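[1] missing the sequence, but the structure's below:
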């Protein structure tokens, strides 16, 4: 007998009854096996993307300091934690990680919210425009925050989020970076400016559109920019790179190959302390009071500039591993830290300090630091002694006299002046009232603080047809002479009708016939 199962034919020979029953069971089993769906095959592992650094030469990334000796910070003695504490760090997510990752030696973060402004996903163009630092007096841009914090020095680390491909032309990047750094310098010219190198990346990394070829080229351009502007260049990349490969040293980066891990941060901060730049402290004294610091809010930038995708996790957060401890939540790191209202009480509703009777609010910082003159002047007394208080008499319904502390009405904080020049109630978010744009000579409108020398007026075209810088005296470049019909050369604009072509000599109407010689 022939049986078809799953399009296959099986021949069954005649058997005894018992054998037939066994055969039936066997056929059912075969049917189950043959009709059972196949288990899904495991997906092949993705092959690594082509490396745009295929032709990368690590030796090309070594900075030649011969002509940059006064610009590149050289090795010094270890300046210690005091140097770190008196430095303000500005940057992107790698800077934000300074206050998220623990130093294995001190069991503390490498810096604090008081001296760190790091924004995930931030590039150079947002330095002067993105309000990113929260104080109890409002939210401010980096230049504004630098002015409020009054640091001895700032270390600025940007550039990673402006990388794409392996182009080595840094002209546009440097022009924009330089203009943004100058807004910080102009906001608080007493701070020393130190520009840090763009950190290296791992050879194996998530962001394959970021190349060491471009990082090295940009870092060299940053060093030249520092030399031009008398800023200092911190060549920390040399401490983070593998000398043979040029990429980040093994173990210095997290899994994405872009952000510094604990070991990388240890190496970076050791380099910062041992390449210190300490100058005479010329900040105006006494320093202005600093309002309560909240820190950098999360989620300011939603789209990852390196892949144009929405951030699904915060790259500044340390990766949870058994070997890595997480910073303990302290009062300083909570989302609603207590405002330091010395000589006053913090009003949660109005987000301002309500000062005690003898103090008033500093309009620059919102803190109760300036002692106010008493508004209630005692009446003059010739004897110079206070008047005696009459003895109170008994009353059927005595009313207690409230103490001065009970009757004192809290002094409202004075209005503040925002960058747009307007006066607003204390606690107003001045980031909503930025300084007006400036119009540069090229006619364009740019953010306040822009270096208009980078936007000169367009050239002028003089009468001679040439293009010259704006302001050129075109009288020195007159139009070329014109040639009139009379053949003469005259200044441009001459009326050639006054110089017609000369008329030909007139010919006689009946010319006399030529006399012929008569024969002799």
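    Sure, I can see it. Quantities reported herein were computed from a predicted structural model and do not represent experimental measurements.
[2] Could you use CA atoms for every contact and neighbour count after this?
    OK.
[3] what's across from residue 87 in the sheet?
    residue 153 (DSSP bridges).
[4] give me every residue that touches it.
    115, 151-155 (CA atoms under 8 Å, 6 or more residues apart in numbering).
[5] wait, which of the residues you listed is closest to residue 314?
    residue 115 (20.4 Å; CA to CA).
[6] Now do the contacts for the closest one.
    85-89.
[7] now with 7 Å?
    Contact analysis of residue 115 by CA atoms under 7 Å, 6 or more residues apart in numbering lists 87-89.
[8] can you tell me the helix or strand for residue 264?
    Take DSSP states H and E as the rule and residue 264 turns out to sit in helix 262-273.
[9] What is the subsequent helix or strand relative to that helix?
    strand 293-295.
[10] and for that following strand, what are the contacting residues?
    Residues contacting strand 293-295 (CA under 7 Å, 6+ apart): 113-114, 133-136, 337.
[11] For this structure, which segments are assigned as helices?
    17-35, 80-85, 93-96, 142-149, 171-187, 212-229, 237-240, 262-273, 404-407 (DSSP state H).
[12] Could you tell me the angle between the fifth one and helix 212-229?
    Angular relation of helix 171-187 and helix 212-229 on a 0 to 180 degree scale: 40 degrees, by axes from the mean of the first three to the mean of the last three CA atoms, to 10 degrees.
[13] And for helix 171-187, what's in contact with it?
    Residues outside helix 171-187 that contact it (CA under 7 Å, 6+ apart) are 124-125, 127-128, 143-144, 147, 222, 449-451.
[14] same thing but at 6 Å, please
    The contact list for helix 171-187, computed with CA atoms under 6 Å, 6 or more residues apart in numbering, reads 124, 143, 147, 449, 451.
[15] So for the residues you listed, which is the shakiest by pLDDT?
    Lowest pLDDT among the contacts of helix 171-187: residue 449, with 78.
[16] so how far is residue 144 from the closest residue to that one other than its chain neighbours?
    Distances taken as CA to CA, 6 or more residues apart in numbering place residue 183 nearest to residue 449, at 5.2 Å, with adjacent residues excluded. Residue 183 is 9 Å from residue 144, where distance means CA to CA, to the nearest Å.
[17] do the same with residue 252
    Residue 252 sits 33 Å away from residue 144, going by CA to CA.
[18] between the two, which one's more packed in?
    A count of neighbours by other CA atoms under 10 Å puts residue 252 above the other of residue 252 and residue 144, at 24 against 19.
[19] Next, the contact list for the more buried one, please.
    260-261, 263-264.
[20] how far away is it from residue 234?
    As judged by CA to CA, residue 252 and residue 234 stand 18 Å apart.
[21] Of the contacts of helix 171-187, which is the nearest to residue 317?
    residue 124 (21.6 Å).
[22] Report the contact partners of the closest one.
    residue 177.
[23] Report the separation between the residue lying closest to residue 149 once chain neighbours are set aside and residue 430.
    Ranked by CA to CA, 6+ apart and with sequence neighbours excluded, the top spatial neighbour of residue 149 is residue 290, at 6.4 Å. Applying CA to CA, the value for residue 290 to residue 430 is 16 Å.
[24] what do you get for residue 482?
    From residue 482 across to residue 430, the span is 62 Å (CA to CA).
[25] between the two, which one's more packed in?
    Neighbours were counted for residue 482 and for residue 430 using other CA under 10 Å; residue 430 has more, 22 against 16.
[26] From residue 437, how far off is the more buried one?
    Residue 430 is 15 Å from residue 437, by CA to CA.
[27] Could you do residue 231 as well?
    26 Å.
[28] Who has more neighbours out of these two?
    Each of residue 231 and residue 437 has its neighbours counted (other CA under 10 Å); residue 231 has more, 18 against 14.
[29] residue contacts, the more buried one?
    Taking CA under 6 Å, 6+ apart as the criterion, residue 231 is in contact with residue 193.
[30] Check what pLDDT it gets.
    For residue 231, the pLDDT comes out at 97.
[31] same question, the one 3 residues further on
    The pLDDT attached to residue 234 in the predicted structure is 97.
[32] Give me the neighbour count for it.
    Per other CA under 10 Å, the neighbour tally for residue 234 reads 26.
[33] give me the beta-bridge partners of it?
    For residue 234, the beta-bridge assignment (DSSP bridges) gives partners residue 196.
[34] for residue 99, what are its contacts?
    Neighbouring residues of residue 99 by CA under 6 Å, 6+ apart: 109, 111-112.
[35] Can you read off the pLDDT for it?
    Note on residue 99: pLDDT of 96.
[36] now residue 218
    Residue 218 is given a pLDDT of 97.
[37] For it, which non-adjacent residue is spatially closest?
    In this structure, residue 218 finds its nearest non-sequential neighbour in residue 170, 5.8 Å apart by CA to CA, 6+ apart.
[38] For the one you found, grab the count of nearby residues.
    Neighbour tally, residue 170, other CA under 10 Å: 16.
[39] Please report how far it lies from residue 493.
    From residue 170 to residue 493 the distance is 48 Å (CA to CA).
[40] And residue 356, by the same measure?
    Residue 356 is 80 Å from residue 493, by CA to CA.
[41] Before we move on, what's the pLDDT of the nearest residue to residue 452 once chain neighbours are set aside?
    By the measure of CA to CA, 6+ apart, the closest residue to residue 452 outside its immediate chain neighbours is residue 440, 5.3 Å from it. With respect to pLDDT, residue 440 scores 87.
[42] Can you give me the pLDDT of residue 415?
    Residue 415 carries a pLDDT score of 73 in this model.
[43] Looks like it contacts residue 137 (just checking).
    No. Judged on CA atoms under 6 Å, residue 415 makes no contact with residue 137 at a distance of 11.2 Å.
[44] Can you tell me what sits against the helix holding residue 264?
    Outside helix 262-273, the residues that touch it by CA under 6 Å, 6+ apart are 78-79, 252.
[45] where in the stretch 351-500 of the chain is pLDDT low?
    Low-confidence segments of the stretch 351-500 of the chain, defined by pLDDT under 70: 351-353, 358-413, 425-429, 431.
[46] Can you name the residues that contact residue 201?
    247-248, 257-258.
[47] When residue 415 and residue 137 are compared, which one has more neighbours?
    residue 137 (25 against 16).
[48] Can you report how many residues lie near residue 475?
    By other CA under 10 Å, neighbour count at residue 475 equals 10.
[49] The one 5 residues further on too?
    With neighbours defined by other CA under 10 Å, the count for residue 480 comes to 14.
[50] Repeat that for residue 142.
    Residues within reach of residue 142, counting by other CA under 10 Å, total 24.
[51] buried sites along stretch 287-303?
    288-296, 303 (16 or more other CA atoms under 10 Å).
[52] what does stretch 150-169 give?
    150-161, 163-164, 166.
[53] And that stretch, end to end?
    35 Å.
[54] pLDDT (mean, whole number) over that stretch?
    On average, stretch 150-169 scores 96.
[55] and residue 192, bridged to which residues?
    Here residue 192, judged by DSSP bridges, has bridge partners residue 153.
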